[in-house]
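J.: Structural data only, the sequence is not supplied:
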Ligand SMILES: [Mn+2]
């Protein structure tokens, strides 16, 4: 399998003159003038974002002794992610409750500014952005940036910062970083670089494997099964694409749970799920092939209707709905279907139900 090689740490950062300093040195030096460091990530924060904030907070507190705040933007609804927060006992401040101070350094991880993935005000100036998404953000005026799309996880970059600074990684931090990387790079096939593997090998002996097991096998709510049933009943196969709709979506992250499950279907290369949550159509895509360009395709499909982005094999998006009337939702759904089929050059393909109607009815009667 082709491996992407991670760019070396010595690769010059266009925002900083070549100084012989490592990125982690420059990151820490830049924080000296500030009184406090506030970490932010994207909406519905995932283990990679949460683990990165936790790891960097440990770095900042240990190395330069500044107080830190770790925030949560929006809901955490996926069962594994809730378990991650619970078993690791994370103290997350809802981002809307942060009292922003003049002398805060705001550090964004696992996301980039003005990509439509945040709810805190645009007027809060960002000091640093550390990310691995290839979704371009507006980095104007950000003093420190470390964007490495060649890495499978932001937690990998954070692990490297901790190692470079010679800092012991406590069990809780190691567990969070390990699970953060694992969830990002476990795929069909994996989206990982050698740097991700190195970080995993380093973190594994330090992490609490019992906690990892509790997170990985988190107990599932009733709504998970209702959502999966609806997804299966609504799924159509269009050549190498499977499309599912769940309306309404019990939790926004369940669109991702649907595609994580559906992409294992041996006959398709792309799985798409859309579902209405409140007044938003939440979208999620997975691909089973390399060079799938899932993020790019979903951005193209969504266009000006909303926002989308992601990675080669995983992508997400959201479309604000002017109306949640069934006919308005159907209109947007058929437009998205048309655009997705066009993007995959299968526009002449007729859809086939994943589960034939007759079987569904027979199951109901038996
Ligand atoms: Mn990530």
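T.: Nice, thanks for sending it over. Predicted model only: the values in this text are computed from it and were never measured.
J.: residues contacting the residue most central in space within the chain?
T.: Nearest to the geometric centre of the chain sits residue 46, at 5.8 Å (CA atoms, centre = their mean). Counting by CB atoms under 8 Å, 6 or more residues apart in numbering, residue 46 makes contact with 78, 81, 110, 180, 183. Where you see a C-beta, it was placed from the backbone N, CA and C, and this is true even at glycine.
J.: Repeat that for residue 133.
T.: Contacts of residue 133 were listed using CB under 8 Å, 6+ apart, and they are 110-112, 115, 147, 149, 295, 309-311.
J.: again, but for residue 129
T.: Residues counted as contacts of residue 129 (CB under 8 Å, 6+ apart) are 107-109, 111-113, 137, 139, 142, 144-147.
J.: ok, 6 Å please
T.: Counting by CB atoms under 6 Å, 6 or more residues apart in numbering, residue 129 makes contact with 108, 112, 142, 145.
J.: same thing with residue 314?
T.: Residue 314 sits next to 286, 294 when contact means CB under 6 Å, 6+ apart.
J.: which residues does it bridge with?
T.: Partner residues in beta bridges with residue 314: residue 286, with DSSP bridges as the criterion.
J.: For the stretch 101-250 of the chain, give the residue positioned nearest to the ion.
T.: Scanning the stretch 101-250 of the chain for proximity to the ion using CB to the ion identifies residue 110 as nearest, at 4.3 Å.
J.: Equivalent analysis for the stretch 201-350 of the chain, please.
T.: Residue nearest to the ion within the stretch 201-350 of the chain (CB to the ion): residue 311, separated by 8.2 Å.
J.: residue ranges with poor pLDDT in this protein?
T.: By pLDDT under 70, the weakly predicted segments of the chain are 1-18, 188.
J.: again, 90 this time
T.: Per-residue confidence of the chain (counting by pLDDT under 90) places the weak regions at 1-20, 75, 114-123, 133-137, 149, 186-192, 310-311, 363-366.
J.: any chance you could map the strands in it?
T.: Using DSSP state E, the strands found in the chain span residues 36-40, 68-72, 93-94, 104-109, 128-131, 144-147, 236-238, 241-246, 270-277, 280-287, 307-310, 314-320, 352-353.
J.: top of the contacts of residue 133 by neighbour count?
T.: residue 110 (29 neighbours; other CB atoms under 10 Å).
J.: Contact partners for it?
T.: Contacts of residue 110 were listed using CB under 6 Å, 6+ apart, and they are 41, 48-49, 52, 131, 154.
J.: if we can go back for a sec, from the contacts of residue 133, which is closest to residue 187?
T.: Compare each of those with residue 187 using CB to CB and the shortest gap goes to residue 311, at 9.1 Å.
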